[in-house]
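1. Generate coordinates for the sequence data below:
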Amino acid sequence: MEGEPVNVNEFQELARQALPKMHYDYYTGGAEDQYTLKENVEAFRRITFRPRMLVDVSRIDFSTTVLGYNISAPIMIAPSGLHKLAHPEGEIATARAAAVSNTIMVYKSRDVSAQLVQRAERNGYKAIVLTVDVPRLGRREADIKSKYPKHLIILLLAAIKAVEVGVAGIVVSNHGARQLDYTPATITVLEEVVHAVGGKVPVFLDGGVRRGTDVFKALALGAQAVLIGRPAIYGLAAKGEYGVRKVIQMLKDELELTMALSGCPSVKDITRSHVRTQHEKFHSML
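-> Residues are numbered from 1 along each chain as shown. Coordinates of the predicted model:
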């Protein structure tokens, strides 16, 4: 590939070239037939835009607030592990690039979990993301063929009624399509979750985001922000900390252009009426 990569897909190709096959398969693989893995990305393509004209978009502001904290754009790094398989600096490089907190996975030992939480608090972390969809590992056939070693740590969190137990926010995710195949693409169920929560807590989307247009679509369907997992890993594998920063900046640039062409000077101006899903019917807006 000549020159700098200009989109996430090109970073993925660089990652493929840089990583041992076993490591690349670990990051890119999904469960069984990988239907959901493909759908996470493809479902975004079935959502189209309803742009607004005659709007002053000379200045675009895509900054937002997450759990009371201001961030430069509604794009965050998703919970993901084993970054050192992609780059020697691992999560440190990712954290430096993204300026966001790393995720704590819940260990079988509650004592170990408590120690990790206390350690995070001492170091100034403001929030912790708990993964609740991995009572057992999914069957990832690429890992089986590569003889990738099984994890020694199994998460024991059962499914919970998030709002009832007082969580601060909800991430709509299918664990990168790595657990149970033929679950819905996350973008297709986002609206359902947003409506079910009823504004009590913010909702975030994880899964399939590869373009700034995808970020816009998720915001229009009710997400407060999106999380990216594989794109950050691709950047890390290809170019280390710089690669992660480059991936985030590309998504920001694409989001800014999408907002301008859609007539949205700020993220608050992005509404449900700016997108059309596949199953909607046309109706008069007069």
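
2. Only C-alpha atoms from now on, for both contacts and neighbour counts.
-> Will do.

3. Next one: residue 210 from residue 63, what distance?
-> In this structure, residue 210 and residue 63 are 19 Å apart, going by C-alpha to C-alpha, to the nearest Å.

4. Have a look at these two and say which one is more surrounded.
-> Higher neighbour count among residue 210 and residue 63: residue 210, with 20 against 14, using other C-alpha atoms under 10 Å.

5. tell me which helix or strand of this structure sits lowest on mean pLDDT?
-> Lowest by mean pLDDT, DSSP states H and E among the helices and strands of the chain is helix 141-145, with a mean of 43.

6. Where does pLDDT dip in the stretch 101-250 of the chain?
-> Applying pLDDT under 70 to the stretch 101-250 of the chain flags residues 101-114, 116-117, 125-165.

7. re earlier: determine the set of other helices and strands touching the helix or strand following the least confident helix or strand of the chain.
-> Where DSSP states H and E defines the elements, the next helix or strand beyond helix 141-145 is strand 170-172. Packed against strand 170-172 by the contact rule (3 or more C-alpha pairs under 8 Å, 6 or more residues apart in numbering; DSSP states H and E) you find helix 186-197, strand 203-206.

8. Hmm, residue 98 and residue 245 touching each other?
-> Yes - if you go by C-alpha atoms under 8 Å, residue 245 and residue 98 touch, sitting 6.7 Å apart.

9. Just want the most central residue of the protein.
-> residue 227 (2.5 Å; C-alpha atoms, centre = their mean).

10. ok, what's across the strand from that one?
-> Here residue 227 sits in beta bridges with residue 76, residue 206, going by DSSP bridges.

11. so it touches residue 204, yeah?
-> Yes - using C-alpha under 8 Å, residue 227 is in contact with residue 204, at 7.3 Å.

12. Pull the contacting residues for the residue lying closest to residue 176 once chain neighbours are set aside.
-> Using C-alpha to C-alpha, 6 or more residues apart in numbering and skipping the chain neighbours, the partner closest in space to residue 176 is residue 207 (5.7 Å). By C-alpha atoms under 8 Å, 6 or more residues apart in numbering, the residues touching residue 207 are 40-41, 173-176, 185-187, 227-229.

13. Residue 268: which of those residues is nearest?
-> Using C-alpha to C-alpha, residue 227 comes nearest to residue 268 of these, at 18.5 Å.

14. And that closest one, how far from residue 206?
-> 5 Å.

15. Now the common contact residues for these two.
-> Residues touching both residue 227 and residue 206 (C-alpha under 8 Å, 6+ apart): residue 78.

16. coming back round to it: in TSV: the helices and strands packed on strand 170-172, plus distance to residue 58 and mean neighbour count.
-> Below are those laid out as TSV (distance: least, C-alpha to C-alpha, whole Å; neighbours: other C-alpha atoms under 10 Å):
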stretch	distance to residue 58	mean neighbour count
helix 186-197	30	18
strand 203-206	28	26
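
17. could these go into a markdown table alongside distance to residue 55?
-> Converted to a markdown table, the helices and strands packed on strand 170-172 look like this (distance: least, C-alpha to C-alpha, whole Å):
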| stretch | distance to residue 55 |
| --- | --- |
| helix 186-197 | 27 |
| strand 203-206 | 28 |
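
18. Ok, which of those comes nearest residue 7?
-> Here strand 203-206 is closest among the helices and strands packed on strand 170-172 (C-alpha to C-alpha), at 18.6 Å.

19. In terms of secondary structure, what does the closest one contact?
-> For strand 203-206, the packing partners by 3+ C-alpha pairs under 8 Å, 6+ apart come out as strand 170-172, helix 186-197, strand 225-228.

20. contact partners of that strand?
-> With contacts defined as C-alpha under 8 Å, 6+ apart, strand 203-206 is touched by 78, 169-174, 176, 186-187, 190, 193-194, 218, 222-229.

21. One more pass at 10 Å, please.
-> Contact with strand 203-206 is made by 40, 66, 74-79, 168-176, 185-187, 189-191, 193-194, 197, 215, 218-219, 221-229, as judged by C-alpha atoms under 10 Å, 6 or more residues apart in numbering.

22. how about the helices in the chain?
-> For the chain, applying DSSP state H gives helices covering 8-18, 21-28, 35-45, 90-98, 110-122, 141-145, 186-197, 212-220, 230-262.
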